[in-house]
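*Asks:* I would like the atomic coordinates for the input below:
(one chain, ligands or ions: 1)
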Amino acid sequence: MSVQRAEPIIGRLVVIGLGLIGGSFAKGLRESGACAEVVGFDMDAPSRALAVELGVVDRCAESLQDACRGADVIQLAVPILAMEKLLAQLATLDLGQAVLTDVGSAKGNVVACAAKVFGAMPRRFVPGHPIAGSEQSGVQAAKSTLFRRHKVILTPLADTDPAALGVVDALWRQLGADVEHMEVRHHDEVLAATSHLPHLLAFGLVDSLAKRNENLEIFRYAAGGFRDFTRIAGSDPVMWHDIFLANREAVLHTLDDFRHDLDALRAAVDEGDGHQLLGVFTRARAAREHFSKILARRAYVDVMDSNDLIFVAKPGGKLDGSLRVPGDKSISHRSIMLGSLAEGTTEVEGFLEGEDALATIQAFRDMGVVIEGPQQGKVTVHGVGLRGLQAPPGPLYLGNSGTSMRLLAGLLAAQPFDSVLTGDASLSRRPMNRIAKPLRAMGAVIETAPEGRPPLTIRGGQRLSGMHYAMPMASAQVKSCLLLAGLYAAGETAVTEPAPTRDHTERMLRGFGYPVRIEGATASVEPGHRLSATRIEVPGDISSAAFFLVAASIAEGSDLLLEHVGVNPTRTGVISILKLMGASIELQNLREVGGEPVADIRVRSARLRGIDIPEDLVPLAIDEFPVLFVAASCAEGRTVLRGAEELRVKESDRIQVMADGLQALGVDARPTPDGIVIQGGPIGGGEVWSHGDHRVAMSFSVAALRARSPIRIHDCAAVATSFPNFLALAKQAGMTVGEEDNS
Ligand code: S3P
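*Replies:* As a prediction, the model looks like this:
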């Protein structure tokens, strides 16, 4: 694989130090054609000869002075402690207008050395640090693609020449690197924590154990743990000695923080404080898993830049057999929230291990709750009681999850500490005034970004008073938010809904022994009671089952059994609507599990017909409309949806995004302000965009069953928020949809 050829960005590039990093920089740029000439210099004569022979450079100079003559850019790629001497030599030369840059892994000391030898930091010196390497070293290991999709951090100073910065930036980008700019100090702190400290600990631990065991007996018994932890103690001692001397201050800072935490762990072991140990270990494990996911995509790649995960769904196929969709998202969120606020240990089974529910777990871990798992759907929540949450160390990041943000806001409005709630790009566009306004009316102090968007800043220590709130829109999130705040508010908090919405919060509060009064459309709570830990079995999510209900309905010859699906009457609008359209859906083995109705659902293919969707079913099927639009596209005649403006403020504007996609596939789908009109007919193939909305991505995967040619669906990464094993289950059931192979 070689680097793409380009128009020259500069005339002469000079690379000083032709080891792995300098050699790879030179070779990549030479191959790319981005420099008219690449000249090398190295103190080691055989390396110079080899560099020319291997095509790493066009030519090598015999002296530093010769090398630098006429240079446009000079890359300093020598070991970090050799830098001062090199800079001192450069300071005696006439460098003309040359731009200087370097690759040292600590930046503060390079800047200090340059300032010392030049009298001041040259304006055309752009400090840099590529985060890349390999176990091999020397010019013979030079690889033109070494930096591709790796981070390169440039640390310009306030008066660095912007033109010089632009040139260095462009050269690294030419090599396929992902360039970021950072302040010198910040760079050194980040690297001290993520790279230098782990190396120090690995070297230190191996030495400490080795010198205390004269016969090295311990190594005879060393198992995987020791091997994994100490792998990096095999790194180059001289290079690391240099790095610690160069980045002294930042390393000391992070080391002191770590010693403090290590002392706390020591104390926990000493005192037999298992709770403290479990807290540290579960939090660390979650952080590590999150990190591994990022690493798995590729080391140091910014996942956000490469997140156009494309699904390709192929036409045809029928669905049969039986399958179990993952746990209900709404119930999973609430199991963590109420489990955390309960007294005692709550065991959860069937928990949805999707990113949204995991964001809720992380938020409660950040507030000091010890939560074990999830492991194969099992979670153990060590409740802290209604008043046991602790101030989080920083903003609570809730990813894509509107439910986490809205429900948490109610809870946090009543805590003694301040909190900040943030989310991803989609969540950051969603309306929060619907909760901020009524919470303020209860006495909460909440700030939002303009137009009531996240982030939310919530001031702690407020005394809330209960109120009777008539919701202007049918929203279970708003209702749940206010009921959670009501657990702490003086007097009664009552919420009346204009139409029935999911009642999992009310049911689960009762399951935890907390009284909830329900009178008609009004649910109310009073303070002064406790939640007692319980067992929760999360049923399958009907919102995930919905994709298969529609898929099996529209794919001829299908007969599918969906096992153990939650069929709470506030959630079954999708079944009612599909039945009105003529679907063949049968609920079998209806039972109640942990306060929630559950059934196995048999669905067989049927000829669907268009209908006017009754407005009272809208809140009961609110998350299922994207896939219902696919059903409507396959139905005979016209389907009309009204009274569903809420769809415009979900993870995407689901009316517009679905209409755009369906139109791209040749379907007559016309959006209206509060709904859509769809004329059933043939579905073509082509490209559609899910706009980061999980349910849109899965809906178009279903549409392909009846398409004439494949559908390519862009931006599908968010499927992991609610249905991480969607592709596997779809395949198991008989659909042909998979990730596009980008390798
Ligand atoms: C949810 C309620 C619904 C739904 C969301 C989950 C919940 O939102 O769309 O996916 O868990 O309470 P609204 O209550 O805002 O309609």
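*Asks:* Can you show me the helices along the stretch 51-200 of the chain?
*Replies:* Assigned helices in the stretch 51-200 of the chain, in chain order: 64-68, 83-91, 108-118, 162-174, 184-191, 197-212 (criterion: DSSP state H, counting those that start in this stretch).
*Asks:* Identify the residue nearest the geometric centre of this protein.
*Replies:* Nearest to the mean C-alpha position of the chain, by Cα atoms, centre = their mean, lies Gly399 at 6.5 Å.
*Asks:* does the nearest residue to that one once chain neighbours are set aside sit in a helix or strand, and which one?
*Replies:* Excluding the flanking residues, the one nearest Gly399 by Cβ to Cβ, 6 or more residues apart in numbering is Ala359, at 4.3 Å. No exception for glycine: its C-beta is placed from N, CA and C like everyone else's. Using DSSP states H and E, Ala359 sits in helix 355-366.
*Asks:* How many residues are close by the residue nearest to Gly399?
*Replies:* 25 (other Cβ atoms under 10 Å).
*Asks:* That one reaches Thr403, doesn't it?
*Replies:* No - Ala359 is beyond contact range of Thr403, at 9.4 Å (criterion: Cβ atoms under 8 Å).
*Asks:* element containing whichever residue of the stretch 251-400 of the chain sits closest to the ligand?
*Replies:* Per Cβ to the nearest ligand atom, Ser330 is where the stretch 251-400 of the chain lies closest to the ligand, at 3.2 Å. For Ser330, the element it lies in under DSSP H and E is helix 329-341.
*Asks:* what angle do that helix and helix 355-366 make?
*Replies:* Using axes from the mean of the first three to the mean of the last three Cα atoms, to 10 degrees, the inter-axis angle of helix 329-341 relative to helix 355-366 is 10 degrees.
*Asks:* Packing partners of the helix or strand just after helix 329-341?
*Replies:* Of the helices and strands lying after helix 329-341 in sequence (DSSP H and E), the nearest is strand 343-349. Helices and strands touching strand 343-349, by 3 or more Cβ pairs under 8 Å, 6 or more residues apart in numbering; DSSP states H and E, are helix 329-341, strand 378-384, strand 535-537.
*Asks:* among the ones you listed, which is nearest Gln656?
*Replies:* Comparison of the helices and strands packed on strand 343-349 against Gln656 by Cβ to Cβ identifies helix 329-341 as nearest, at 23.3 Å.
*Asks:* how far does that closest one sit from the chain's center?
*Replies:* 20 Å (Cα atoms, centre = their mean, to the nearest Å).
*Asks:* Against which helices or strands is that helix packed?
*Replies:* Applying 3+ Cβ pairs under 8 Å, 6+ apart, we find helix 329-341 packed against strand 343-349, helix 355-366, strand 378-384, helix 402-412, helix 476-486, helix 504-511, strand 535-537.
*Asks:* With adjacent residues omitted, what lies nearest to Ser475?
*Replies:* Counting by Cβ to Cβ, 6+ apart, Ser475 lies nearest to Thr501, which is 6.2 Å off, once chain neighbours are set aside.
*Asks:* Give me the buried positions along stretch 418-434.
*Replies:* Using 16 or more other Cβ atoms under 10 Å as the test for burial, stretch 418-434 gives Ser419, Val420, Leu421, Thr422, Gly423, Asp424, Ser426, Leu427, Arg430, Met432, Arg434.
*Asks:* for those residues, which one is nearest Pro450?
*Replies:* Using Cβ to Cβ, Met432 comes nearest to Pro450 of the buried residues of stretch 418-434, at 11.3 Å.
*Asks:* So stretch 537-553, near the ligand or not?
*Replies:* No - Stretch 537-553 lies apart from the ligand when judged by Cβ under 6 Å from any ligand atom; the minimum separation is 7.1 Å.
*Asks:* what's the average pLDDT for that stretch?
*Replies:* In this model, stretch 537-553 has an average pLDDT of 98.
*Asks:* Please state the offset of it from the chain centre?
*Replies:* Centre-to-centre, stretch 537-553 and its host chain are 25 Å apart (Cα atoms, centre = their mean).
*Asks:* The residue in the stretch 1-150 of the chain that the ligand sits nearest to: how many residues sit nearby?
*Replies:* With Cβ to the nearest ligand atom as the measure, Arg149 is the residue of the stretch 1-150 of the chain nearest to the ligand, at 34.4 Å. The criterion is other Cβ under 10 Å. On that basis, Arg149 has 17 neighbouring residues.
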